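Trainee: Dropping the sequence and predicted coords here.
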2 protein chains.
Amino acid sequence: MITLDHSADRPLYQQIYEQARDHIMNGTYRVGTKLPPIRRLADDLEVSRNTIEAAYLQLSQEGYVTSRTGSGFVVEALDLTTEGTHGQQREVCCTFTKRLRQTSLWEDDGEGTEEGNGRSCRLHPASDSASDGEEEGREGPSPVPTEYDFTYGNLQGTGFPFQLWRRLTNEALFGCEAWRTGIYGDKLGERGLRKQIAQRIHASSGVNCHPAQVVVQAGTQAGLYNLLTLFDPSRDVIAMEEPGYDGARSVFENARFRLFPVPVYEGNEGFIESLRESHARLAYVTPSNQFPTGRILQMSARQRLLKWASAENAYVIEDDYCREFRYTTRPLPSLQSLDRDGRVIYMGTFSKALSPALRMSYLVLPPDLLFQWNKLFENHYPEVPWLSQTVLESYMEKGYWGKHLRRAQAQNKRKYQTLVGALQRHMGDRVDVMENGSGLHLLVGARDGRHQGELIERAAQAGVRVYGTSRYWMNARHPMQNYVLVGFSAIAEDKIEPGIERLARAWFD
Amino acid sequence: MITLDHSADRPLYQQIYEQARDHIMNGTYRVGTKLPPIRRLADDLEVSRNTIEAAYLQLSQEGYVTSRTGSGFVVEALDLTTEGTHGQQREVCCTFTKRLRQTSLWEDDGEGTEEGNGRSCRLHPASDSASDGEEEGREGPSPVPTEYDFTYGNLQGTGFPFQLWRRLTNEALFGCEAWRTGIYGDKLGERGLRKQIAQRIHASSGVNCHPAQVVVQAGTQAGLYNLLTLFDPSRDVIAMEEPGYDGARSVFENARFRLFPVPVYEGNEGFIESLRESHARLAYVTPSNQFPTGRILQMSARQRLLKWASAENAYVIEDDYCREFRYTTRPLPSLQSLDRDGRVIYMGTFSKALSPALRMSYLVLPPDLLFQWNKLFENHYPEVPWLSQTVLESYMEKGYWGKHLRRAQAQNKRKYQTLVGALQRHMGDRVDVMENGSGLHLLVGARDGRHQGELIERAAQAGVRVYGTSRYWMNARHPMQNYVLVGFSAIAEDKIEPGIERLARAWFD
């Protein structure tokens, strides 16, 4: 039932994955049936087992199949009806919830966790922000200078294309007609850049949009602020992932919207269930890499989520903030690409792959919201400078962006593997590692249930910085008290191994 | 192909819009084909033509269709493939964004108007503002290309220091430590830039502040949006100058604040009087050059204004947007410099003297608001790119800003004198000229009381563009119906005299 085209440029595992997926979608592989055993299929197709495993791994990560000990990979229900399939769903995420249940025994002393956290949204310790000074003050500086900083959010500046940026900036300032600096520019963003973005996200995430639906914004938070102008805080509730990105939550709160926490750790089914109870007009989600848990919203849940939005006349904000970074499987189709009713607002940023200092992100608005946006902001100027837009546009247009992305992906993959390996080697089964082969950080939980405050403090004493997770929860009595966040986007590759070794000694010796 | 559900709560035009949109998206309506003529569809569906027009208007504003004279509404290409079709892409993109910028569907010479007007909101009946769109819609297209554009808001790009900017950008990208591009930066703005700004506004406007009170923002409107987060739309009223800057009013409205118009027209006394009646928590004022009248708030009124704020525990937003440009007298002390009780929020911008394309402005917050700001935005990133901040910082720090300002002041003074002289010579006492020896525009009223619509239209017929004033009034029945706005910041000096001569003939021959 599966045939391979060895001349095709698509890798073999992907061809297998795609055909198996189609068989499941069109019912050829029925719910509950087993996929062909890895060994046998490998023999039949004359490929290595790794190839088959890669295909199956992706299928199971995307929720098409579940791996059941003894019976191999079993086809999951993708049934779109809102009831039913609870059994399988719970099955899928049982290991995760089991872990959380164990840890919930120690869930009490919620205090002191603030200290540990990267003090700025999305885990960036922002030693450059006024507030930190104060917190340092409260905390008292750790006596040991930080040697290994496993922060998240920042990048290794060394990855930034300084030379190219200089050249392209010169070209832009030299080549442009003078009047360009005399005007405010297109309030939606420079049209050329919007076209580049539209093409790129179409290729990378299957986002279907016209360049004019792309609105250039000065970062994720600025984009959310503007977006919320289209909604009414006195009436509209926003469903927020729990745990979730505190930087987005802060925007929603500042804009005075009521929030309804939707637990992601109870698995996809529970997520959809409580989403239904929320009566929300807006749902903020990070499906390709749930922040901070790193979990992936499965296909069936994506379909239910869209169904919910259409039924409730609600909108889904899909924050695809770090889709680029996947190391074991390919990403699922974006919600926007699955959306038929114009319910999805797609968001992307250049902060995770290029530079946070650029302050550039974008929204992709469905037609009716675009119409409202244009009316509300008719009289408004853009917030992103012409020059940065123009330079980024030619950077993309000349193909540098694609190359840069591949480099960044390869580098982060190496870092990811080093980190996972180091955690395994130095901590083994004394920790639970929460990861999905993607993103720029992991969550690490001490199995002995020690509180993150203690873990962070012991690390600091040893010159290692890891970060708290409490800030991502609306509920202070959350079940992740013993988890800390370990980022790898900013730390140098060769510091990861010794840093984790040091951390292991600090925690367990 | 289109069916209506009269029982649905969605308006009929929207049902038509949505179905037509889907037909276009799924290819039922093919690219290049015409939509059913308005009249016929109206008859078929038994709805009014306005309903069909509203639906088609939305389709066309969103770029799904273009209105072509003769052939009605034609389906646009929405294809978005990454390879090939680039030509088409650019095609689509252009028509589309032009559409978006032109609320007026009847105006088709987009390119011409773009450069002249630079789609800016402040005083721009540019093709991107609802009100103006309507005006122009009523007026119909101007058959004559614009030869003399007395726009306001934009600048002559030729004044921008391209060479220096290239050099300083190179230095910044060459000299900086790599990590700078790896972090988000200070959410209040780069420290060095804030210090430069604090020093400069102390020297120029007597503003007394610590650099920590200076918050760098991505333009006046972005700054106001953020500032309003500190206030409560359900409780706080904002007193707004009448007439006043529509760009600010639009921000207040989008943030859902109630506005109380305070007439500046009746002079300083009346202004303070009705301010007392407003019970406002915030007053937005432009004391050094009231926008658009150019009036200057007298010293006694400034003191009363501050007294009012202290007594009412209210705040005054002092938008000092073009203090730099005074040609006959020296400016009065800024409100901030007179304020003893921390009631004034001072605002400035780099858009009027350097470049609007920079998108950089600043707020100076009184201590108690700064404290609130830091709490509310604790968790937020800056909105202005590090690079533009750093380049501007060294531009100021090296003394270039001061030199540039003197050049710009001299140039605008010459333009101002030329304009005033030309108006005197060619129109004499047939017009009232409202000016105070400052700013970047004048208001010119026809003594014979002719309506601005006619004045604008006659000018357009002669290839001269002057701008309406109605958009600056909340009250449509305002007493400035016969006034138009004549800007001189963007037009070349040697075009002013012949342009006014042409205008005089168009109006009075």
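Mentor: Happy to help now that I have it.

Trainee: A:Leu259 and A:Phe252 touch, don't they?
Mentor: Yes. Using Cβ atoms under 8 Å, A:Leu259 is in contact with A:Phe252, at 5.8 Å. Heads up, the C-betas are built off the backbone N, CA and C, glycines and all.

Trainee: Find residues that contact each of the two.
Mentor: A:Ile238, A:Met240 (Cβ atoms under 8 Å, 6 or more residues apart in numbering or on different chains).

Trainee: ok, the residue positioned nearest the centre of chain A - contacts?
Mentor: By Cα atoms, centre = their mean, chain A has its centre lying nearest to A:Asn289, at 3.2 Å. By Cβ under 8 Å, 6+ apart, the residues touching A:Asn289 are A:Ile296, A:Tyr321, A:Cys322, A:Arg323, A:Phe325, A:Asn436, A:Ser438, A:Gly439.

Trainee: One more pass at 7 Å, please.
Mentor: A:Ile296, A:Cys322, A:Ser438, A:Gly439 (Cβ atoms under 7 Å, 6 or more residues apart in numbering or on different chains).

Trainee: State the distance from A:Ala280 to chain B.
Mentor: 19 Å (Cβ to the nearest Cβ, to the nearest Å).

Trainee: A:Val237 is in contact with that residue, correct?
Mentor: Yes. A:Ala280 is within contact range of A:Val237, at 4.5 Å (criterion: Cβ atoms under 7 Å).

Trainee: Compare these two (neighbour count), which wins?
Mentor: When neighbours are counted by other Cβ atoms under 10 Å in any protein chain shown, A:Ala280 and A:Val237 differ, and A:Ala280 comes out ahead with 25 against 18.

Trainee: Kindly state the pLDDT recorded for the residue of the stretch 101-250 of chain A found nearest chain B?
Mentor: In the stretch 101-250 of chain A, the residue that lies nearest chain B is A:Ile183 (2.5 Å; Cβ to the nearest Cβ). At A:Ile183, the predicted lDDT confidence score is 91.

Trainee: Can I get the contacts of A:Asn289 in TSV including distance to A:Gln15, secondary structure and neighbour count?
Mentor: Formatted as TSV, the contacts of A:Asn289 follow (distance: Cβ to Cβ, whole Å; DSSP: H, G, I helix; E, B strand; the rest coil; neighbours: other Cβ atoms under 10 Å in any protein chain shown):
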residue	distance to A:Gln15	secondary structure	neighbour count
A:Ile296	22	coil	24
A:Cys322	27	coil	23
A:Ser438	22	strand	23
A:Gly439	27	coil	29
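
Trainee: What is the nearest of the residues you listed to chain B?
Mentor: Looking across these and measuring by Cβ to the nearest Cβ, the closest to chain B is A:Cys322, at 15.0 Å.

Trainee: so what's the closest one up against?
Mentor: A:Asn289, A:Lys352, A:Gly439, A:Leu440.

Trainee: Chain B: which of those is nearest?
Mentor: Ranked by distance to chain B (Cβ to the nearest Cβ), the contacts of A:Cys322 are led by A:Lys352 at 11.4 Å.

Trainee: what number of residues lie near that closest one?
Mentor: 21.

Trainee: For the residue with the largest distance to the centre of chain A, which non-adjacent residue is closest in space?
Mentor: In chain A, A:Ala178 marks the outermost C-alpha relative to the chain mean, sitting 40.5 Å out by Cα atoms, centre = their mean. Nearest residue to A:Ala178, sequence neighbours excluded (Cβ to Cβ, 6 or more residues apart in numbering or on different chains): B:Gly157, at 3.6 Å.

Trainee: Wait, the one you found touches A:Tyr184, no?
Mentor: No. Taking contacts as Cβ under 7 Å, B:Gly157 lies outside contact range of A:Tyr184: 11.8 Å.

Trainee: Run through the helices of the stretch 151-300 of chain A in chain order.
Mentor: Secondary structure of the stretch 151-300 of chain A (DSSP state H, counting those that start in this stretch): helices located at A:162-175, A:191-205, A:220-228, A:246-254, A:267-278, A:299-312.

Trainee: Does anything pack onto the longest one? Which helices or strands?
Mentor: Under the contact definition 3 or more Cβ pairs under 7 Å, 6 or more residues apart in numbering or on different chains; DSSP states H and E, helix A:191-205 sits against strand A:214-217, helix A:386-397, helix B:86-101.

Trainee: mean pLDDT lowest for which of those?
Mentor: Across the helices and strands packed on helix A:191-205, helix B:86-101 gives the lowest mean pLDDT, at a mean of 35.

Trainee: circling back: next, format the helices of the stretch 151-300 of chain A as CSV and append mean neighbour count.
Mentor: CSV is the format used below for the helices of the stretch 151-300 of chain A (neighbours: other Cβ atoms under 10 Å in any protein chain shown):
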stretch, mean neighbour count
helix A:162-175, 17
helix A:191-205, 22
helix A:220-228, 24
helix A:246-254, 22
helix A:267-278, 20
helix A:299-312, 20
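
Trainee: Between those helices, which has the poorest mean confidence score?
Mentor: Mean pLDDT is lowest for helix A:267-278 out of those, coming in at a mean of 86.

Trainee: Least confident secondary structure element in chain A?
Mentor: Least confident helix or strand of chain A, by mean pLDDT, DSSP states H and E, is helix A:94-103 with a mean of 29.

Trainee: Model confidence score at A:Leu105, please.
Mentor: 24.

Trainee: oh sorry, the question was meant for A:Lys375
Mentor: Looking at A:Lys375, its pLDDT is 89.

Trainee: Tell me how many other residues surround it.
Mentor: A:Lys375: 13 neighbours (other Cβ under 10 Å).

Trainee: got the angle for the host helix or strand of it vs helix A:220-228?
Mentor: Assignment of secondary structure by DSSP states H and E places A:Lys375 within helix A:367-376. Calculated by axes from the mean of the first three to the mean of the last three Cα atoms, to 10 degrees, helix A:367-376 forms an angle of 90 degrees with helix A:220-228.

Trainee: which of the residues in helix A:367-376 are buried?
Mentor: Neighbour counts over helix A:367-376 (16 or more other Cβ atoms under 10 Å in any protein chain shown) mark A:Pro367, A:Asp368, A:Leu369, A:Leu370, A:Phe371, A:Trp373, A:Asn374 as buried.
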